[in-house]
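# Give me a model of this one.
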Amino acid sequence: MRVTYFFRKPYQDYFSIENVFKIVQQALPKEIVVNNYHLKFYSTGVITRLKSCFEVLRHQGDINHITGDIHYVSYFLPKKRTVLTIHDLAPLENSTGLKHAILKFFWYQLPIKSVAYVTVISNYTKKALLDIIDVNPDKIKVIHNPFAAQLTFQPKKEMPEVPVLLQIGTAYNKNLEGLIQAIGDLTVELVIIGKLSIEQITLLESASLNYSNAHDLEYDEVVAYYEKADLVCFASFYEGFGLPILEAQAIGRPVITSNRCAMPEVAGDSAILIDPLDIQAYRNAIKSVLSNSEERKALVDKGIINTQRFTASQIAEQYVELYKSLDNHV
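Residues are numbered from 1 along each chain as shown. Alright, predicted model coming up:
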C-alpha cells in the first residue's frame with residue numbers, strides 16, 4: 001500500500017506537523033510504502049491555493065493523507081482514498097464575523113465533507129469540531145500525537161543553585177508574557193525556544209531577567225535544551241495537543257502546564273495544571289517544584305508512565321488500521 005503524505009511548504013520555526021509524522025512513519029510496517037510531498041507554495045491567496053489543489057493531483061498514492069494546515073487540498077482529491085488530519089481550531093479562535101464564517105466553511109466544513117475520514121489529535125479537538133460542524137462523529141477519529149523514540153530518560157538528581165526553566169514557543173498562545181511575570185525576582189535562568197518579538201524582548205529586559213533565546217533549531221538541538229532544563233513551563237492559553245509535555249516527560253523533566261483545552265488530556269495527573277491567567281498560581285507552582293524534591297520526583301515518575309500512552313508504535317498502528325479500512329473499501 002502506497003500512502004502519500006501531503007505537507008505544507010516548510011516554515012522556519014514551524015515544524016511540529018512534520019516532526020509528528022516523521023515519528024509516525026518511522027514506526028510504520030514495511031507493507032506501507034511512504035511518499036512525502038511538500039507543497040511548492042505557501043498557503044496564501046486564492047490563486048496560490050488553487051494551484052496547490054491541482055499540484056497534489058499529480059502525486060497521489062493508494063491512500064492520500066493530508067497532514068494538516070493545508071485542508072483545502074482535499075477539494076480535488078478522491079474522497080474514498082483521502083484522510084485529513086486537523087490539529088486544532090486556532091484559526092477560528094482568532095476570527096470573528098465574515099472572516100470566521102469563511103474560515104469555518106473553507107477550512108473545516110468543506111474539507112471534512114471532501115474526505116473519507118478526519119483524524120484529530122485530541123478528544124478536545126473532536127468535541128470542538130462537533131460543536132460547530134454537523135458531521136457523523138464516527139467520521140472523526142482521535143489519534144494522538146506520539147513522542148520521538150530518540151528522547152531518552154535522563155532525570156536530574158539535584159536542583160542547581162540557579163535552576164533552568166525552559167519555555168517552548170513564543171506565539172501569542174504560548175503565554176510567555178505570563179511566565180515572565182510569574183518568575184519575577186526568582187533566581188532562575190529562563191531559556192526560550194522560538195523567535196522573540198520586539199515587545200517580548202522589551203518585556204524581558206525591563207524585568208531584568210537572566211534569559212537566553214534560540215530559534216531556527218534542528219530537533220536534536222531542541223532535545224539538548226530539554227536535557228539542560230530543570231523545569232519545563234508550558235502554560236499555554238490554547239493547544240490542540242501539547243507535545244512539549246510528553247517530550248519533557250520522556251527525558252525526565254517536571255512540567256507545569258495549563259488546565260485548558262487538550263493539555264489536561266495529554267498530561268493527566270503527571271503535571272501541575274494551572275489557570276494560565278492566574279500569575280500567582282503560576283509563580284507558586286514554579287516555586288513549589290523548584291524547592292520540593294519529593295514533588296519533583298513524583299512528577300518525573302508519573303511523567304514517564306504517562307508517556308507510555310503515546311508511543312510511536314501505538315500511534316502508527318492506529319493509522320495503519322485506518323488506512324487498511326479505506327483500502328478495503330476502494
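# Three-state assignment for Lys324, please.
Under the three-state scheme (DSSP: H, G, I helix; E, B strand; the rest coil), Lys324 adopts helix.
# got a list of what the residue nearest to it when sequence neighbours are not counted touches?
Sequence neighbours aside, Met1 is the residue nearest to Lys324 in space, at 7.7 Å (criterion: Cβ to Cβ, 6 or more residues apart in numbering). In this view, the C-beta of every residue, glycine as well, is placed from N, C-alpha and C. Met1 makes contact with 31-33, 62-63, 323-324, 327 under the criterion Cβ atoms under 8 Å, 6 or more residues apart in numbering.
# biggest separation within those, which pair?
Longest distance between any two of the contacts of Met1 is 13.8 Å, between Val33 and Lys324; criterion Cβ to Cβ.
# just checking, Ser288 touches Ala298?
No: Ser288 is beyond contact range of Ala298, at 11.6 Å (criterion: Cβ atoms under 8 Å).
# Tell me where the model's unsure across the protein.
Where the chain drops to pLDDT under 70, the residues are 12-15, 329-330.
# rerun at 80
Applying pLDDT under 80 to the chain flags residues 11-16, 94, 327-330.
# tell me the domain boundaries of it?
2-146+311-327, 164-309 (automatic domain parsing).
# can you redo these as TSV with mean neighbour count and distance to Lys157?
Shown next, in TSV, are the domains of the chain (neighbours: other Cβ atoms under 10 Å; distance: least, Cβ to Cβ, whole Å):
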stretch	mean neighbour count	distance to Lys157
domain 2-146+311-327	17	26
domain 164-309	19	9
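# where does Val289 sit relative to Ser270, distance-wise?
Distance, Val289 to Ser270, using Cβ to Cβ, to the nearest Å: 13 Å.
# Are there residues contacting both of those two? Which ones?
Common contacts of Val289 and Ser270 (Cβ under 8 Å, 6+ apart): Leu299.
# quick one: which of the contacts of Met1 sit in helices?
With helices taken from DSSP state H, the overlap with the contacts of Met1 comprises 323-324, 327.
# any chance of the residues you listed in TSV, plus distance to Asp69?
Below are the ones in helices among the contacts of Met1 laid out as TSV (distance: Cβ to Cβ, whole Å):
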residue	distance to Asp69
Tyr323	21
Lys324	26
Asp327	25
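# from these, which is closest to Lys126?
Closest to Lys126, out of all of the ones in helices among the contacts of Met1 and judged by Cβ to Cβ, is Tyr323, at 19.5 Å.
# That closest one against Val3, yeah?
Yes: using Cβ under 8 Å, Tyr323 makes contact with Val3 at a distance of 6.0 Å.
# So which residues of the stretch 101-250 of the chain form helices?
Under the criterion DSSP state H, counting those that start in this stretch, helices of the stretch 101-250 of the chain are mapped to 110-113, 123-132, 176-183, 198-206, 219-228, 243-251.
# mind checking which of those is nearest Lys22?
Short answer: helix 219-228, nearest of these by Cβ to Cβ, at 8.7 Å.
# now that closest one, how far from the centre of its chain.
Mean-position distance between helix 219-228 and its chain equals 17 Å (Cα atoms, centre = their mean, to the nearest Å).
# What of stretch 69-76?
Using Cα atoms, centre = their mean, the offset of stretch 69-76 from its chain centre is 20 Å.
# What of stretch 226-237?
Distance of stretch 226-237 from the chain centroid (Cα atoms, centre = their mean) equals 14 Å.
# and the gap between the residue nearest to Ile168 when sequence neighbours are not counted and Ala148?
Leaving out its chain neighbours, the residue that sits closest to Ile168 by Cβ to Cβ, 6+ apart is Pro244, at 4.3 Å. With distances taken as Cβ to Cβ, Pro244 is found 12 Å from Ala148.
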